[in-house]
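S.K.: One predicted model, sequence on top.
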There are 2 protein chains.
Amino acid sequence: MHIFDTIDALREHLNQQKKQGKRIGFVPTMGNLHKGHLSLIKQAKAQSDVVVSSIFVNPTQFSKGEDIERYPRTLEQDQTLLIEQGCDVLFIPEVQSMYPKGELTRVSVKDISAKYCGASREGHFDGVTTIVCKLFNIVQPDVAVFGSKDFQQLAIIRHMAKDLMMNIDIQAAPTFRADSGLALSSRNGYLSEEELDIAPAIYKTLTWAKEAILNNQSQAKIEKDAKAKLTEAGLKPDYFHICNADTLQAATKDDTHIVILVAAYLGSARLIDNLNFEKQ
Amino acid sequence: MHIFDTIDALREHLNQQKKQGKRIGFVPTMGNLHKGHLSLIKQAKAQSDVVVSSIFVNPTQFSKGEDIERYPRTLEQDQTLLIEQGCDVLFIPEVQSMYPKGELTRVSVKDISAKYCGASREGHFDGVTTIVCKLFNIVQPDVAVFGSKDFQQLAIIRHMAKDLMMNIDIQAAPTFRADSGLALSSRNGYLSEEELDIAPAIYKTLTWAKEAILNNQSQAKIEKDAKAKLTEAGLKPDYFHICNADTLQAATKDDTHIVILVAAYLGSARLIDNLNFEKQ
């Protein structure tokens, strides 16, 4: 695996690959890789000749008071996992390379960036779209793969890529879950043994809500009951919304492609998850 | 000259050119081309194998109440001029192609977009950076040429390209002037015969101010006197600022690369101009 920490060196390497007609796949990450990330690498590898992954804990997507300082950094272990998975190129830039002194530009997807996680984490999605835009411009991939666990992020990145006419195939990979149903996340590392027993209530509540939706129960009641279930299990729900999976607006009775979005606090962690499905 | 009105057709054509190793030059315009625009085409042609120009009157860079409806559209004449100048490709998209229903993304360069013309024209520069970002992603040029008459726009586009890690050489072309000193602009077409006699006072005031700066006169007094000169000539000054040409902040006594930025109303037109020079 080739490892680069400067933009110029990465570009030079990729230019050589592109000149040979190689198709570039890209998986941007914040590191502390788990099986979910590795499934993204696998999916990218199946569709490209050269898979590039990046590890960068992006400061602009952390809101004030959030966990940037203690966000888990496990570079050595990440490198081993990426090599095992067959990743070809790893990009690990410094913060000052991605945000040099005096930089002023932000990329924003209006409206959908202000909802849900965007409402709880001010500026979060502008930070995400800005860094992803920078990384896309550096790597210029043919295909980029993102995890479905961050469903709102995925929708926003798709929107950005479409709106800004980026010639990149944005793909979703399924959420990777533990046997308990808990969605894999670097932030699960913040959970105590006891909290790890509580956390699967999130997925359990999502599957319960899906059944309730398919049984045509009232949407408002489902959302209210779901939050009660989360609270009862020992979580502190941030939001629980039943949405149109394409627009992320509150679902109407005519919508068929549904996503349930949830965020909840547990101990010092803020966990998110979602379930999307077709309703006839 | 190849003419395309869809993104896909343009992309397909340019992909063929790029596969042959051709270097792409790009000159985005709003049409109603004059000698200034043609000098940009010439400059792009000198440094690339294929010159692409676009004509698109971009709605998002017009503020409320501005001149988008009456902005001069002279496509047939523009095409003739571009062919004569040796332009290879012309892109003339519809508004709904560049801003399809539901699009939500904006690219903003903070701080410098809020000053000067940005202060008088709310949202103007966000509209400029958004459309230029879209066009860059469609054309993916090696080099793009912009006129120096729009000095603040040029500085903002350079900033965006650098901040977003775009791999594009952003070049400035000198301002093209009539014998009277008046900077060529599509908006000069709004001027009456009488106003055309008044307008050269802008450049005259710029050259006067440059001399006064080189003679170390007080910056505040120069700005004040310059506005008085414009008013006396029959213009209504919007702003007149002596700035650091790189940062566009108010110039300090240590700055050596200076730009004087001016905007003034004349009849139904808002005219801008600038003069940049080295001070020892």
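M.R.: Structure's in. What do you need?
S.K.: switch to C-alpha atoms for all contacts and neighbour counts from now on
M.R.: Noted.
S.K.: Once you drop chain neighbours, what's closest to A:Ala172?
M.R.: A:Phe146 (5.2 Å; C-alpha to C-alpha, 6 or more residues apart in numbering or on different chains).
S.K.: what's the strand or helix carrying that neighbour packed up against?
M.R.: Element membership for A:Phe146 (DSSP states H and E) is strand A:143-147. Judged by 3 or more C-alpha pairs under 8 Å, 6 or more residues apart in numbering or on different chains; DSSP states H and E, strand A:143-147 is in contact with strand A:24-29, helix A:35-45, strand A:169-173.
S.K.: After that strand, which helix or strand is next?
M.R.: Per DSSP H and E, strand A:143-147 leads on to helix A:151-163 as the next helix or strand towards the C-terminus.
S.K.: just to revisit the earlier point, neighbouring contacts of the strand holding A:Phe146?
M.R.: Outside of strand A:143-147, the residues within contact range by C-alpha atoms under 8 Å, 6 or more residues apart in numbering or on different chains are A:24-28, A:36-37, A:40-41, A:43-44, A:47-48, A:154, A:168-175.
S.K.: That strand: how far from the chain's middle?
M.R.: 9 Å (C-alpha atoms, centre = their mean, to the nearest Å).
S.K.: per-domain residue ranges of chain A.
M.R.: Using automatic domain parsing, the domains assigned to chain A come out as A:2-173, A:186-274.
S.K.: Need those in a markdown table (columns: mean pLDDT).
M.R.: Converted to a markdown table, the domains of chain A look like this (pLDDT from 0 to 100):
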| stretch | mean pLDDT |
| --- | --- |
| domain A:2-173 | 97 |
| domain A:186-274 | 97 |
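S.K.: Mean neighbour count added to the ones you listed, as a markdown table?
M.R.: A markdown table is the format used below for the domains of chain A (neighbours: other C-alpha atoms under 10 Å in any protein chain shown):
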| stretch | mean neighbour count |
| --- | --- |
| domain A:2-173 | 18 |
| domain A:186-274 | 17 |
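S.K.: what's the angle from the strand holding A:Phe146 to helix A:151-163?
M.R.: With axes from the mean of the first three to the mean of the last three C-alpha atoms, to 10 degrees applied, the angle from strand A:143-147 to helix A:151-163 works out at 160 degrees.
S.K.: Strand A:143-147 versus helix A:35-45: what angle between them?
M.R.: Put simply, strand A:143-147 runs at 160 degrees to helix A:35-45, going by the same axes, to 10 degrees.
S.K.: Tell me the strands beside strand A:143-147, with direction?
M.R.: According to DSSP bridges, strand A:143-147 forms sheet pairs with strand A:24-29 (parallel), strand A:169-173 (parallel).
S.K.: got a list of what A:Leu75 touches?
M.R.: A:Leu75 makes contact with A:31-32, according to C-alpha under 8 Å, 6+ apart.
S.K.: And it, how far from chain B?
M.R.: According to C-alpha to the nearest C-alpha, to the nearest Å, A:Leu75 stands 24 Å off from chain B.
S.K.: Give me the distance between the two termini of stretch A:98-108.
M.R.: End-to-end distance for stretch A:98-108, by C-alpha to C-alpha, to the nearest Å: 17 Å.
S.K.: Report whether that stretch contacts chain B.
M.R.: Yes - contact of stretch A:98-108 with chain B (C-alpha under 8 Å from any C-alpha of the partner chain) involves A:99-100, A:103-108.
S.K.: Give me the subset of these that lies in strands.
M.R.: If you go by DSSP state E, the residues of stretch A:98-108 next to chain B have A:105-108 in strands.
S.K.: Now the strand holding A:Phe146 - C-alpha only, CSV.
M.R.: Extracted in CSV, the C-alpha atoms of strand A:143-147 (Å, rounded to 0.1, in the frame of the first residue of the first chain):
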residue,chain,number,x,y,z
VAL,A,143,-16.5,6.1,-7.7
ALA,A,144,-16.7,7.0,-4.0
VAL,A,145,-18.3,4.7,-1.4
PHE,A,146,-19.9,5.9,1.9
GLY,A,147,-21.6,3.9,4.6
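S.K.: need the residues of the stretch 51-200 of chain A near chain B, please.
M.R.: Looking at chain B, the residues of the stretch 51-200 of chain A close enough under C-alpha under 8 Å from any C-alpha are A:99-100, A:103-111, A:130, A:133-135, A:137-138, A:159-160, A:163-167.
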